[in-house]
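Novice: pasting the sequence and the predicted model now:
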Amino acid sequence: MTLRSICAITGTRADFGILKPVLEAIQSQPEWELHLVATGAHLSPEFGNTARDIEREGFRIDAKVDMLLSGDSPVAVTKSIGLATIGFADVFARLQPDLVLILGDRYEMLAAAQAALIATIPIAHIAGGDISEGAYDDAIRHSITKMSHLHFTTNPASTRRVVQMGERPETVITVGSPAIDTILKLPLLSKPELEQSLGGFTFRERNVIVTFHPATLETDPPEKQFAELLEALDKLGPGVGIIFTFPNADTFGRELIRQTEAFVADRLNARAYPSLGQLRYFSAIRYVDAVVGNSSSGLYEVPSFGKPTVNIGNRQKGRLHAESVLHCRADADDIYDTILKAMNTDASGVINPYGDGNSVGRIVEALKRCPEPKSLIQKSFYEVSIDE
């Protein structure tokens, strides 16, 4: 039996934006049926209820897996993973897909992978083999790799790592990031259109976008690191416009949201948004001087706009990056100095190492070559010779 139905999982505004061109390509193939499952922050009013954005983009959501608890402590996150695993088990039993498509390294995806593995449904994983040593996402990503059967990596170094983990080379394909496909094709908003859409934010002479997530394996508390960032932003003064996007629904993320809201409450030059969505986010990157924080987007996507990134702390430690990514410690003075350096950095000629904009075509062709799905389930370990 050939591949017929593909079940894609999305848990955040970020992964949906990356997955979107892949989903559109799957829908365009008459021989395939797409099932889309929304979970995580998509279903939370606190994080913008972004499942509605998916539907506004023209996609049908075939199932919703509600999993987030009111807290974000390690205990609450662990319980959320359990709830998600139960939910995905029910969804997969009902939809009976031939293949589950997963992107990245979030704990929602770990739950989906576990449920698919036990249900003997093959998994195709996008962006395995990458590294981000400062967060538990790193271990989650590698765990999903070992549960997956087809691997679509973003760069050759990640391909080598996936093979090093025992995955057979013929199942590991370097495709690049699908986000680059979108960046090269998406018509962006003009500055007046964007300002109107942002509902009150006015661009200054200098501007930055800030996205800071909890670095879940750091010894310093996330709120302390974020306080250092806020101190640096305050030193920039009222002449610099600041657009905040909220952190993911990670451990201690709600405290960072509280700090953000307190910061913008009495500053006319700063606004915060639970979610910008892909169009507004990419449009904003075009008009700012730098992107600041510790989000993977600063490494994956921002270089394609010819804009510098200020990458704070160790959350993205080890991840491949362009020359336009400037690293600094989670220290107010170091962050401030690096932002000033970024604002005076010409990144227009930088090459993004995450692909050429043809990722989606490579993924579709690989899926078309996919053998009978159930034949992928039993994997043999690929031995790699290691010279010490």
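Specialist: Okay, I see it.
Novice: would you map the helices across the stretch 151-300 of the chain?
Specialist: Ranges of helices within the stretch 151-300 of the chain are 156-164, 178-185, 191-198, 222-236, 253-265, 277-287, 297-300, based on DSSP state H, counting those that start in this stretch.
Novice: which parts of the second one are buried?
Specialist: Same thing as helix 178-185. Pro178, Ala179, Ile180, Asp181, Thr182, Ile183 (16 or more other Cβ atoms under 10 Å). All C-beta spots, glycine's among them, are computed from the backbone N, C-alpha and C.
Novice: what score does Phe263 have for pLDDT?
Specialist: pLDDT for Phe263: 98.
Novice: got the contact list for it?
Specialist: Leu230, Leu233, Asp234, Phe244, Ala270, Ala272 (Cβ atoms under 8 Å, 6 or more residues apart in numbering).
Novice: and the strands in the stretch 251-388 of the chain, which stretches?
Specialist: According to DSSP state E, counting those that start in this stretch, the stretch 251-388 of the chain carries its strands in the segments 270-273, 290-293, 309-312, 325-328.
Novice: which of the ones you listed sits closest to Arg160?
Specialist: When the strands of the stretch 251-388 of the chain are compared by Cβ to Cβ, strand 325-328 sits nearest Arg160, at 21.3 Å.
Novice: deepest-packed of the helices of the stretch 151-300 of the chain, please.
Specialist: helix 297-300 (a mean of 25; mean count of other Cβ atoms under 10 Å).
Novice: how far away from the center of its chain is the one helix or strand Val75 maps to?
Specialist: Using DSSP states H and E, Val75 sits in helix 74-95. Relative to its chain's centre, helix 74-95 lies at 20 Å (Cα atoms, centre = their mean, to the nearest Å).
Novice: before we move on, what about stretch 216-225?
Specialist: The answer for stretch 216-225 is 20 Å, by Cα atoms, centre = their mean.
Novice: tell me how far the ends of that stretch are from each other?
Specialist: Taking Cα to Cα, to the nearest Å, the first and last residues of stretch 216-225 lie 12 Å apart.
Novice: just stretch 185-198 next, same as before
Specialist: Start-to-end, stretch 185-198 (Cα to Cα) is 22 Å.
Novice: what is the nearest of the buried residues of helix 178-185 to Val288?
Specialist: Closest to Val288, out of all of the buried residues of helix 178-185 and judged by Cβ to Cβ, is Ile183, at 15.2 Å.
Novice: so what pLDDT did that closest one get?
Specialist: 95.
Novice: now do the contacts for it.
Specialist: Phe282, Glu301, Ser304, Phe305, Gly357.
Novice: what about the closest residue in space to Gln29 that isn't next to it in sequence, how many neighbours?
Specialist: Nearest residue to Gln29 in three dimensions, chain neighbours excluded: Val364, at 7.1 Å (Cβ to Cβ, 6 or more residues apart in numbering). By other Cβ atoms under 10 Å, the residues close to Val364 number 17.
Novice: can the helices of the stretch 151-300 of the chain go into TSV with extra columns for distance to Leu99?
Specialist: Formatted as TSV, those follow (distance: least, Cβ to Cβ, whole Å):
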stretch	distance to Leu99
helix 156-164	18
helix 178-185	17
helix 191-198	36
helix 222-236	36
helix 253-265	31
helix 277-287	25
helix 297-300	24
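Novice: right, and those helices - which one's nearest Ile386?
Specialist: That would be helix 156-164 among those, by Cβ to Cβ, at 8.1 Å.
Novice: grab the two from the contacts of Phe263 that are most spread out in space.
Specialist: Asp234 and Ala272 (14.7 Å).
Novice: tell me the pLDDT at the spatially closest residue to Cys328 that is not a sequence neighbour?
Specialist: Setting aside the residues directly before and after it, Cys328 is nearest to Thr338 in space (Cβ to Cβ, 6+ apart), at 4.0 Å. Turning to Thr338, the model gives it a pLDDT of 98.
Novice: for Thr338, list the residues it contacts.
Specialist: Val310, Leu326, His327, Cys328.
Novice: can I get the buried part of the residues you listed as one PyMOL selection?
Specialist: Provided next is the PyMOL selection string for whichever of the contacts of Thr338 are buried by 16+ other Cβ under 10 Å:
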select buried, resi 310+326+328
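Novice: will you turn the strands of the stretch 251-388 of the chain into CSV that also has mean pLDDT?
Specialist: Shown next, in CSV, are those (pLDDT from 0 to 100):
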stretch, mean pLDDT
strand 270-273, 97
strand 290-293, 98
strand 309-312, 98
strand 325-328, 98
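Novice: distance to Ile351 for the ones you listed - can I get that in JSON lines?
Specialist: Shown next, in JSON lines, are the strands of the stretch 251-388 of the chain (distance: least, Cβ to Cβ, whole Å):
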{"stretch": "strand 270-273", "distance to Ile351": "30"}
{"stretch": "strand 290-293", "distance to Ile351": "17"}
{"stretch": "strand 309-312", "distance to Ile351": "14"}
{"stretch": "strand 325-328", "distance to Ile351": "12"}
